[in-house]
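**Student:** using only what follows, build the 3D model:
(2 chains)
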Amino acid sequence: MTAIPSTGSKAGTTSAASTLGQRAGKARRRLSNPWASGIAIILAILWTLPTAGLFITSFRKQIDIGRSGWWTVFGDLFTGDARFTWDNYDAALHGSSTNLAQFFVNSIVITLPSVVIPIAVALLAAYAFAWIDFKGRDWLFVFVFALQVVPIQVTMIPLLRQFVNWGLAGSFWTVWLSHSIFALPLATFLLHNFMKDIPRSLVEAATVDGAGHVQVFFRVVFPLMIPAIAAFGIFQFLWVWNDLLVALVFVGGSPDVAPLTVRVAELSGTRGGAWHLLSAGAFIMMIVPLVVFLSLQRYFVRGLLAGSVKG
Amino acid sequence: MDWLTAAGSPAQKFTLMLFAIVLFIGVVALILFLVDRPKNPRKWMLVLGFLGLPMLGLGFGLVYPAIDTIRNSFLNRDGTRFVGLDNYVTALTDAQFLLVLRNTAIWVIVVPVLATVIGLVYAVVVDRSRFERFAKALIFLPMAISMVGASIIWRFVYEFRPDQQGIQQVGLLNQVLVWLGIPPQQFLIDQPWNTFFLIVVLIWIQTGFAMTLLSAAIKAIPDDIVEAARLDGLSGLGMFRFITIPSIRPTLVVVLTTIAIATLKVFDIVRTMTAGNFGTSVVALEFYNQSFRAFNSGLGAALAVLLFVLVIPIIAYNVRQLRLSEEVR
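**Tutor:** Reported below is the predicted structural model:
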């Protein structure tokens, strides 16, 4: 099924006699495909070209980047003038003005706990909402769900004030706690949705065998939740790794704590014309999410379709 | 205990990271252990055990700060004096902020509509084609990239070199203009079009999201409906207009509203590409500037509350449409 009308098929049918209707139908189907393919190819190129251009640039010599556009590389490949180098990556990672290697470590240190903590805590909440009957449960669940509406901007200044009071300002704890809390409503909602689909008979069978809630949680529920946890985990991973606002507000530009996004955004402001550093820096920042995304795309899409959407 | 808040070397940082993970997993395990100790635990103990920690986090990190921010939005710049609605009046009438509001409105209308339309067209044209998975991954890929990364990618596309003898363009878009015989443009500086060149970046990111959800909705249309329509003589655009669109209407609403909410809160792109200069600022960036650069916490809070208030009608519409579509079924 295709939505693109084939104007080309008209030319094919006007000359054809009506007895050739069947053949015309075939032609229409055959001709409609090139239109669809054409649109698909144009969009795919438009969506890929910007990234490809910066990627090629990241391997060109600094002097070449300033002198000509990245597309000239293709011509140079024929004449043998094309020059590629790892220097930009080396300069971006270890150069004293960029030092992205250090920020790369920060990004990892920020991201992993920010993924694990909310999942652990949300599993508790999701279990309670799905399998423990108590008064006001539905009301409380709706409330938690509704908290997704609160933009994180609304929470930032009071939260920052608390962190200052506790002496945590500028440390990893501020980002870990913030990311974990901001993720809780969505994580609870998603994991609950998966959890309540577990057949009641499974849980009841375990209960009859004398298992308490904790055993039920670990022996029955948790193993069945792995795909849902993976789906949310990837989402949260990408979200935290790519975050700028939370890191900027809570740890600022401190080289001991700030993640790659903060540093690269800063470079973009202060060294906006240094494309040899910016292009390499951008790809150093993107490599981990791209690998995670490409290898776990299936779970990511599942998370999306389950309503795992976050603004 | 200094290392708890000031880890310096990578080794210290990774140790601290493991400590944090083990600490939280440990707390969760301890809670479960305590809840499990009594043979027949009381219900309130169970509820407290399972829900205590999450509720504490939500109360401390979302509920209390939100209330505090709403209160702050009625106070002056350093939070010492009650000023009523002054901050809101400033945010809604001052010329500088009116421009910001106008820009935000343009973003929230243009990004969802274009991302959804392009995503829908793409989902339809690659549906059941041979390279469907690969073709989808290409459009979907920008979603994995941070907005900072996307901004740098596009800043390079828009890069401008003055039109002089011996100077070659290195930005693709300006090179295309030169090839077409048009002088190169400063895409990020010339108002008001620069806002649209920023908007392109978010459309580029969000189209993959729209495409994925809409594609799944299209595939979920029952085959017998499609077959029946085909027997009735529908094909091409007719099929699209009378079968595809009505069938995926609920998904369309979800996609449009979700992207609209994300757009409302976008600040990374504007900050990285123009820093809000040249008349490109938006509410979410102004919130940041007022709160953390101009140190006007009252106005910053008012802008944050404004974001909050703007989100609510979009969500209300979303919920209403979902319930309507369920009633139809």
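**Student:** what's the neighbour count on residue B:14?
**Tutor:** Neighbourhood size, residue B:14 [other C-beta atoms under 10 Å in any protein chain shown]: 15. Bear in mind the C-beta positions are built from the backbone N, C-alpha and C, glycine included.
**Student:** what segments of chain A are strands?
**Tutor:** Taking DSSP state E as the criterion, chain A carries no strands.
**Student:** what's the domain layout of it?
**Tutor:** When chain A is parsed with automatic domain parsing, its domains come out as A:30-85, A:98-305.
**Student:** between those domains, which one is closest to chain B.
**Tutor:** Closest of those to chain B is domain A:98-305, at 3.1 Å (criterion: C-beta to the nearest C-beta).
**Student:** rebuild the domains of chain A as TSV, extending it with mean neighbour count, mean pLDDT and distance to residue B:258.
**Tutor:** Below are the domains of chain A laid out as TSV (neighbours: other C-beta atoms under 10 Å in any protein chain shown; pLDDT from 0 to 100; distance: least, C-beta to C-beta, whole Å):
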stretch	mean neighbour count	mean pLDDT	distance to residue B:258
domain A:30-85	16	87	20
domain A:98-305	20	90	10
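**Student:** could I get the ones you listed as CSV with distance to residue B:74?
**Tutor:** Below are those laid out as CSV (distance: least, C-beta to C-beta, whole Å):
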stretch, distance to residue B:74
domain A:30-85, 44
domain A:98-305, 14
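**Student:** export these to CSV and tack on distance to chain B?
**Tutor:** What follows is those, written out as CSV (distance: least, C-beta to the nearest C-beta, whole Å):
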stretch, distance to chain B
domain A:30-85, 4
domain A:98-305, 3
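**Student:** which one of those domains lies closest to residue B:237?
**Tutor:** For the domains of chain A, the distance to residue B:237 is smallest for domain A:30-85, at 10.5 Å, taking C-beta to C-beta.
**Student:** residue B:277 in helix, strand or coil?
**Tutor:** Secondary structure state of residue B:277, per DSSP: H, G, I helix; E, B strand; the rest coil, is coil.
**Student:** relative to chain A, how far out is it?
**Tutor:** Distance, residue B:277 to chain A, by C-beta to the nearest C-beta, to the nearest Å: 11 Å.
**Student:** ramachandran coordinates for that residue?
**Tutor:** phi -80, psi 180 (degrees, to the nearest 10).
**Student:** mind listing the helices for the stretch 101-250 of chain B?
**Tutor:** Ranges of helices within the stretch 101-250 of chain B are B:132-140, B:147-158, B:172-179, B:193-219, B:223-231, B:236-239, B:245-247, B:249-264, based on DSSP state H, counting those that start in this stretch.
**Student:** quick check: which of the ones you listed is buried the most?
**Tutor:** Neighbour counts (mean count of other C-beta atoms under 10 Å in any protein chain shown) averaged over each of the helices of the stretch 101-250 of chain B peak at helix B:147-158, with a mean of 26.
**Student:** which elements pack onto that one?
**Tutor:** Other helices and strands packing on helix B:147-158, by 3 or more C-beta pairs under 8 Å, 6 or more residues apart in numbering or on different chains; DSSP states H and E, are helix A:21-57, helix A:222-242, helix A:260-270, helix A:275-295, helix B:172-179, helix B:193-219, helix B:268-273.
**Student:** tell me the mean pLDDT for stretch B:76-89?
**Tutor:** Mean per-residue pLDDT for stretch B:76-89: 90.
**Student:** which outside residues touch that stretch?
**Tutor:** B:72-75, B:295-299, B:301-302, B:306 (C-beta atoms under 8 Å, 6 or more residues apart in numbering or on different chains).
**Student:** max pairwise distance over those residues: which two?
**Tutor:** Distances among the contacts of stretch B:76-89 were taken as C-beta to C-beta; the most separated pair is B:295 and B:306, at 18.8 Å.
**Student:** next SSE downstream of whichever strand or helix holds residue B:13?
**Tutor:** Assigned by DSSP states H and E, residue B:13 belongs to helix B:10-36. Where DSSP H and E defines the elements, the next helix or strand beyond helix B:10-36 is helix B:43-58.
**Student:** CA atoms only for that following helix - export them in CSV, please.
**Tutor:** Only the C-alpha atoms of helix B:43-58 are listed here, as CSV (Å, rounded to 0.1, in the frame of the first residue of the first chain):
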residue,chain,number,x,y,z
LYS,B,43,-0.5,-4.4,55.3
TRP,B,44,0.7,-0.9,56.2
MET,B,45,4.2,-2.3,56.7
LEU,B,46,4.2,-3.8,53.3
VAL,B,47,2.9,-0.6,51.7
LEU,B,48,5.4,1.5,53.6
GLY,B,49,8.2,-0.9,52.7
PHE,B,50,7.5,-0.9,49.0
LEU,B,51,6.3,2.6,48.6
GLY,B,52,8.2,4.5,51.3
LEU,B,53,11.4,5.2,49.3
PRO,B,54,9.8,6.1,46.0
MET,B,55,7.3,8.4,47.7
LEU,B,56,10.0,10.0,49.7
GLY,B,57,12.0,10.7,46.5
LEU,B,58,9.0,12.1,44.6
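**Student:** who are the packing partners of that helix?
**Tutor:** So helix B:43-58, by 3+ C-beta pairs under 8 Å, 6+ apart, packs with helix A:100-131, helix A:137-146, helix A:172-195, helix B:10-36.
**Student:** include distance to residue A:299 when you put those into JSON lines, please.
**Tutor:** Below are the helices and strands packed on helix B:43-58 laid out as JSON lines (distance: least, C-beta to C-beta, whole Å):
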{"stretch": "helix A:100-131", "distance to residue A:299": "13"}
{"stretch": "helix A:137-146", "distance to residue A:299": "22"}
{"stretch": "helix A:172-195", "distance to residue A:299": "12"}
{"stretch": "helix B:10-36", "distance to residue A:299": "21"}
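**Student:** figure out which of these is closest to residue B:215.
**Tutor:** Here helix A:172-195 is closest among those (C-beta to C-beta), at 20.8 Å.
**Student:** coming back round to it: what inclination does the helix holding residue B:13 have with respect to helix B:43-58?
**Tutor:** Calculated by axes from the mean of the first three to the mean of the last three C-alpha atoms, to 10 degrees, helix B:10-36 forms an angle of 150 degrees with helix B:43-58.
**Student:** nothing else from me, thank you.
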